[in-house]
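Participant: Following is a predicted model, sequence given first.
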Protein chains: 2
Amino acid sequence: MAEPSFQSLPGFRDFIPRECAVRNYLFETWRAVARRCGYAEYETPILEDTALYLKKSGGELSAQLFRFEDQGGRDVTLRPEVTASLARLAAQHQRDFPKPLKWFEIGQCFRYEKPQKGRGREFHQFNVDILGEAGPAADAELIALAIETMLAFGFVAGDFVIRVSDRKAWMDFASRHGLAEDAIPEFLNIIDKLEREKPELLKSKLAGFGLTPELVRDFIAHPDHASAAYQAILADLTARGFAAFVELDLSIVRGLAYYTGVVFEVFDATKSMRAVAGGGRYDTLVATISGGATDLPATGFAMGDYVIRNLIEETTHAAMQMEVWLQRNAAACDVFVVVADESMRPAALRLVTDLRRAGVAADLPLAPAKVPKQFQSAERSRARFALIVGAEYPALKLKILASRAEEAGHASTAVAWIAGRLQQPDGPLIA
Amino acid sequence: MAEPSFQSLPGFRDFIPRECAVRNYLFETWRAVARRCGYAEYETPILEDTALYLKKSGGELSAQLFRFEDQGGRDVTLRPEVTASLARLAAQHQRDFPKPLKWFEIGQCFRYEKPQKGRGREFHQFNVDILGEAGPAADAELIALAIETMLAFGFVAGDFVIRVSDRKAWMDFASRHGLAEDAIPEFLNIIDKLEREKPELLKSKLAGFGLTPELVRDFIAHPDHASAAYQAILADLTARGFAAFVELDLSIVRGLAYYTGVVFEVFDATKSMRAVAGGGRYDTLVATISGGATDLPATGFAMGDYVIRNLIEETTHAAMQMEVWLQRNAAACDVFVVVADESMRPAALRLVTDLRRAGVAADLPLAPAKVPKQFQSAERSRARFALIVGAEYPALKLKILASRAEEAGHASTAVAWIAGRLQQPDGPLIA
């Protein structure tokens, strides 16, 4: 039965070791930044009740869902995002934790979209949220985390900018111009598409509210003190030394219906002005999800793995930092044991075991092979050292693979000897 | 619309921070052991073409699949296990890597089973495989990894035992007793259920092959040199100092059809004799999955998170080790900054930022609060130190929260001062 070999599904990635190491670099950087900024890690299920998403987003994502009926007849969905689950979790457990909750999550999400460069049907997302604090200090703390994340990846001033906006400024604008409250969602939708809409259509849509494109653009160009929250955030971030990274930009409103106040996006400032991450305040979502049982103001943001990875690879200093990390972490092996005399394999097995127990990454060939071939395996394993176990055992030889320098030692002290050597820089050994 | 709040689906877990930390303890221990034993990490998609699983297992798992049709009309399945995907990946990429491949993966799998204690509908699994080496040295290397994993969790001799078996020994037995080759799968199935089958039924089933329960049990009780592979594995593990952890037990055959030789299970030796992990050799699976395009002998094993966690919690020394790790890692905060004078908040924000940049986990209250309440927040954050920023700024006070000892310092040298303090043990500061 010579069927063709299987492929992964369109838009789904296989992570071979090099790709998995890049993924781990993103995850470990995200995790380290979040932890040192005082956020605790949580995780929610990848599969959820579909109603959770329909209730949250008002159906916006419903065309993109991996949605099905499980064996028990439940309408279930692979999560397209994490905030709805977080809102559920926070509503259920908020009494067990002091407020505000500062929580983060790193996990996979799924959307049935057309796969293209920079977008798949699955992606990993870094979600960071502060729940239980309504003031702008929480928004500033969250934006500071976004800035810290970019700095941790090696980006510097000029590489990126945080564009902050405030839906409340638009609500005030709408109210000043006589718009009814129930017209605001539609109005915000027009603002969201301001620069993508055909001029004639934009004009007629705004005319329906008694507004003109000029009036709207003038408000964006001269926001002045339109957002009290932004002024407070700017003062906070200035105190932190982060003023250069933020600007007020009312053209940002973000698509999702559930945002209630300050929203922001992290932009690539150098090239395509792509949004690298985004988020904002969603003060009513926990109440919506919990059916009114819990009311918890909240602000959060998410960063996906596709765009940040591309941006890192396109930015020399960030790419070099990642490459150094990969070099340091991809080496699966510190010491490769060369079995120069097959009758000494039991001794080699014991040495490998003792080294591993001491926390040293050690490996050896599983099948007999000639010594030059074993050295090839050692090179390919990217080990720093080859430890040669031959007929002269318990006498041993240690070879630096980079310089070919050699040193003699003894099996009885091998672990301390090699562990000590590993802590020294990779200069030549004393012969 | 006062609907009840949503719950997670039956058998799916929410990981609040304490649960997420336990998960991370398992993941980090697995990852550290695999890396120091020379395995490289990979990951495959959570969603795959259903045919991949049907082809691999002969349908054994098909009753438990989360299987559905995606928006593109594909028959897809949430992975019930990872080995089928690994076989595909290995077949596609094996030319890019020197053999043997030593690869590991940590990820989530999904099976529609009845949720019960110790079993959900999702679970995390540690998968470790060696591909491209047919000899027993590979099986021994894999079993050594299983032993290292148990040791890394703090288990000791007497807590667990690896029961090794060999399907080839049963094939020889079957052949000696005149069984046809195509009867062997059914015969192995009877052996798999030997102690669970009703005696009368067992007798009549074996009689169909011209065998008796006594004959089969006698073979299990006196396997002698029934498995040449086991003798080689035992010699290898003895050289490593691991002889006490393994025993030959031919009653183990493992359910899945694709195993071809040595199989093994890690058993809890103290109480219920639960299997904690299991695996074995599957020399024909890569060829099957790749439609004959790639032939790669392989051996692998998997450990799930449910059973190992329960076993850790029931075993005092392993539980204590985990608790120490959780205490050390759950602390989201090293230094909690107390804003004793709200007008000094900008200075506090700057200090928090500088500390974080230096790799110190630092936090502060986001809203103004009285000093005693801020100290409560500091205690709850499990910070080691409180840094007090008050009217006397740039003079600062540092307080050890455990002992209440205090030390005076200055903002201009705060980062070096506090980073230095964090590297010292938690004794009283010099007042």
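Facilitator: Arrived safely, thanks for sending. None of the values given here were measured: they were computed from a predicted structure.
Participant: Can you give me the pLDDT of the residue in the stretch 101-250 of chain A positioned nearest to chain B?
Facilitator: Proximity of the stretch 101-250 of chain A to chain B (CB to the nearest CB) peaks at A:Ala239, 3.5 Å away. Every C-beta, even on glycine, is put in place using the N, C-alpha and C of the backbone. As summarised for this prediction, A:Ala239 has a pLDDT of 98.
Participant: With adjacent residues omitted, what lies nearest to it?
Facilitator: Counting by CB to CB, 6 or more residues apart in numbering or on different chains, A:Ala239 lies nearest to B:Pro346, which is 3.5 Å off, once chain neighbours are set aside.
Participant: what's the next secondary structure element after the helix or strand hosting that neighbour?
Facilitator: Assigned by DSSP states H and E, B:Pro346 belongs to helix B:345-357. Using DSSP H and E, the helix or strand that follows helix B:345-357 in sequence is strand B:362-363.
Participant: For A:Leu355, which non-adjacent residue is spatially closest?
Facilitator: A:Ala362 (3.9 Å).
Participant: residue ranges of the helices in the stretch 51-200 of chain A, please?
Facilitator: Secondary structure of the stretch 51-200 of chain A (DSSP state H, counting those that start in this stretch): helices at A:83-93, A:136-152, A:167-176, A:184-192, A:199-207.
Participant: Including mean neighbour count and distance to chain B, could those helices go into JSON lines?
Facilitator: Formatted as JSON lines, the helices of the stretch 51-200 of chain A follow (neighbours: other CB atoms under 10 Å in any protein chain shown; distance: least, CB to the nearest CB, whole Å):
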{"stretch": "helix A:83-93", "mean neighbour count": "24", "distance to chain B": "5"}
{"stretch": "helix A:136-152", "mean neighbour count": "24", "distance to chain B": "4"}
{"stretch": "helix A:167-176", "mean neighbour count": "18", "distance to chain B": "19"}
{"stretch": "helix A:184-192", "mean neighbour count": "17", "distance to chain B": "18"}
{"stretch": "helix A:199-207", "mean neighbour count": "13", "distance to chain B": "30"}
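Participant: where does the stretch 101-250 of chain A have low pLDDT?
Facilitator: Within the stretch 101-250 of chain A, no stretch has pLDDT under 70.
Participant: B:Ala378: which of the helices of the stretch 51-200 of chain A is closest?
Facilitator: Nearest to B:Ala378, of all the helices of the stretch 51-200 of chain A, is helix A:136-152, at 16.5 Å by CB to CB.
Participant: Spit out the contact partners of the closest residue to chain B within the stretch 51-200 of chain A.
Facilitator: Closest to chain B within the stretch 51-200 of chain A is A:Phe68: 3.3 Å, counting by CB to the nearest CB. With contacts defined as CB atoms under 8 Å, 6 or more residues apart in numbering or on different chains, the neighbours of A:Phe68 are A:76-77, B:68-69.
Participant: Check A:Ala332 too.
Facilitator: Contacts for A:Ala332 were tallied using CB under 8 Å, 6+ apart; they are A:361, A:363, A:381-382, B:35, B:38-40, B:102.
Participant: Tell me the spacing between it and B:Arg36.
Facilitator: 9 Å (CB to CB, to the nearest Å).
Participant: Find the residues that touch each one of the two.
Facilitator: A:Ala361.
Participant: Next, A:Arg281: phi, psi?
Facilitator: phi -90, psi 130 (degrees, to the nearest 10).
Participant: Show me what the residue nearest the centre of chain A is bridged to.
Facilitator: The centroid of chain A falls nearest to A:Phe126 when counting by CA atoms, centre = their mean (3.9 Å). Counting by DSSP bridges, A:Phe126 is bridged to A:Ile106, A:Met303.
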